[in-house]
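Chemist: Below are the sequence and a predicted model for it; my questions follow.
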Amino acid sequence: MNASMLSYILFSCLLLSVQAEYCAVREIIRYTQRLLDDSSVSCPCRQTATSSCSCLPIPERGHELACFVDGTKHLMENNSSSNPVITRLYWTFQALLDRSLCKRLAHSDQCQYETKGNVKEFLKKILTTYQEIDK
């Protein structure tokens, strides 16, 4: 094994140890804030299919990531104009969940919630969850 191969392996190990606590906190806060600022959807969530408002899961503690994945996926699929910020958030949450990167958010693959909320309420839940991690 040559020196460059060894340094590559050491660098990879270092990267993995750093990523073990990668929560993408500032990135997610920034994207969520941007969506909240230009969010045109503030109408109340109604459980009926006739409502144009999305009803998104407001997660119970320990189920945040799984619900954030589900909610952003729903927004991507049901938003007439595909928003690149929502897409970016979805893929970030999906990666964090798949790779168990953020240890501070308990990992459950199932989204459990007692309530649903509109887009603004869902985004505010993402924001407050990540602001707590950032403290």
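Modeler: Perfect, I can see it now.
Chemist: Only C-alpha atoms from now on, for both contacts and neighbour counts.
Modeler: Will do.
Chemist: center of the chain, which residue is that?
Modeler: Nearest to the geometric centre of the chain sits Phe93, at 3.7 Å (CA atoms, centre = their mean).
Chemist: residue contacts, that residue?
Modeler: 65, 68-69 (CA atoms under 8 Å, 6 or more residues apart in numbering).
Chemist: same thing with Gly62?
Modeler: 105-108.
Chemist: so how far is Thr128 from it?
Modeler: Plainly put, Gly62 is 14 Å away from Thr128 if you go by CA to CA, to the nearest Å.
Chemist: residue boundaries of the helices in this protein?
Modeler: Counting by DSSP state H, the chain has helices at residues 3-19, 25-37, 64-78, 84-99, 119-134.
Chemist: what residue ranges in the protein score low on pLDDT?
Modeler: Low-confidence segments of the chain (pLDDT under 70): 1-21, 39-43, 46-53, 79-82.
Chemist: Tell me how many other residues crowd Leu96.
Modeler: Other residues near Leu96 number 24, with proximity taken as other CA atoms under 10 Å.
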